[in-house]
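Asker: what's the 3D shape of this:
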Amino acid sequence: MAAVTAPDEDLAVLAEVQGVLIEVLEARNAELAAQVADMAERLARLERAVSRNSGNSGMPPSADDLPGKTAPAPKPKRGGKRRQGKQPGAPGAHLAWSKDPDKTEPLFPEGSCACGRDLADADDLGVVASHQLMDTPAVTAVLTQYDEHAVACRCGRVHAAVPPPGAGEAGTVTYGPNLQAWCVFLLVAHHVPVERCAGIIEALTGTRPSDGWVHAMIARAAKAVRGANMLIRALVITASVLCADETPIRVGPGPKTRKKYLLVACTSLLTYFFLGDRSMKTFDAFVFPDLSAAVLVHDRYQNYVRHEAHCYIAC
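Answerer: Here you go, the predicted model:
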């Protein structure tokens, strides 16, 4: 049987239909390839999230028991049982003998010799042994009254003595700057509660300030260091590289949900603190609007990103 030849018109239509089908298939393939790439990326993220545990991330050990989590590999044990005392590589600490002690006290035998003579009249043969003892003196609060005298010059002018630092109005009793510094140190540096801070001061010095007075030390200390804080802020905003972060902190009495955020901007030498929240208003009142051409290292929180117009961002 002879072959049937399709007319030229039919071949042209067939080629056109095939071209359309090829375009559709190419578009479909591109769409499927994009979906495969997206699924591969999502799968990688999921595998990375599932593989995180307390051994390779900052997750707590309690999260290792969650469904789908892989327990961290056991740490290799170093040979033998851990011995007591200082471990290899740990920094040592000891009381070294000082060639220049703060104070030297001679000790002489007391009492009488077996012969009946008083040892106070015995001949000194020199030092036969020395001991060094590191200790703090017993601290007791001392109430000192300062009487300000007035003197009259022969020219007729009268001069009065200046009260000591930390003294209040005449005729009043106040706590001195050393005791105030102790309270601020315990409250701020060690986060000791107010009532417990007053109890510690009583145990150490024998006098107990009121809880209200101890709490007022925070505001007084903040006022005292205001000038230093302004200088630190000025130096921080002129730095070329700085790090910024924020952390929740409880401020004042009330439920645990009543909290604020402590914002920090720091360089290798300076740290500037700012108390507020995570709102844009707080971030605008912080150092960010005053930065220019600074490399800022942060955790990509949205309020940091909004200040990209003021500074360069490094993740």
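
Asker: Tell me how far stretch 105-119 lies from the chain's centre.
Answerer: Centroid separation between stretch 105-119 and its chain, computed with Cα atoms, centre = their mean, to the nearest Å, is 57 Å.

Asker: Ends of it, what's the gap?
Answerer: 18 Å (Cα to Cα, to the nearest Å).

Asker: likewise stretch 200-220?
Answerer: Stretch 200-220: ends 20 Å apart by Cα to Cα.

Asker: Tell me the buried residues in that stretch?
Answerer: Within stretch 200-220, the residues scored as buried using 16 or more other Cβ atoms under 10 Å are Ile200, Ile201, Thr205, Pro209, Val214, His215, Met217. All C-beta atoms are positioned from the backbone trio N, CA, C, and that covers glycine.

Asker: cool, stretch 136-152 as well?
Answerer: Ala141.

Asker: For that stretch, give me every contacting residue.
Answerer: Residues outside stretch 136-152 that contact it (Cβ atoms under 8 Å, 6 or more residues apart in numbering): 158-164, 167, 170, 173, 179, 204-207.

Asker: which among those residues end up buried?
Answerer: Ala167, Leu179, Thr205.

Asker: Tell me the one of those nearest Trp97?
Answerer: Thr205 (32.1 Å; Cβ to Cβ).

Asker: What spatial separation is found between that closest one and Val139?
Answerer: 6 Å (Cβ to Cβ, to the nearest Å).

Asker: repeat for Val214
Answerer: Taking Cβ to Cβ, one finds Val214 at 17 Å from Val139.

Asker: for Ala34, same thing?
Answerer: 74 Å.

Asker: same check, this time on Leu32
Answerer: In terms of Cβ to Cβ, Leu32 sits 79 Å off from Val139.

Asker: List of residues touching the longest strand seen in the chain?
Answerer: With DSSP state E setting the assignment, residue counts place strand 241-250 as the longest strand in the chain. By Cβ under 8 Å, 6+ apart, the surrounding residues in contact with strand 241-250 are 236, 256, 258-267, 275, 278, 287-288, 294-299, 301, 304.
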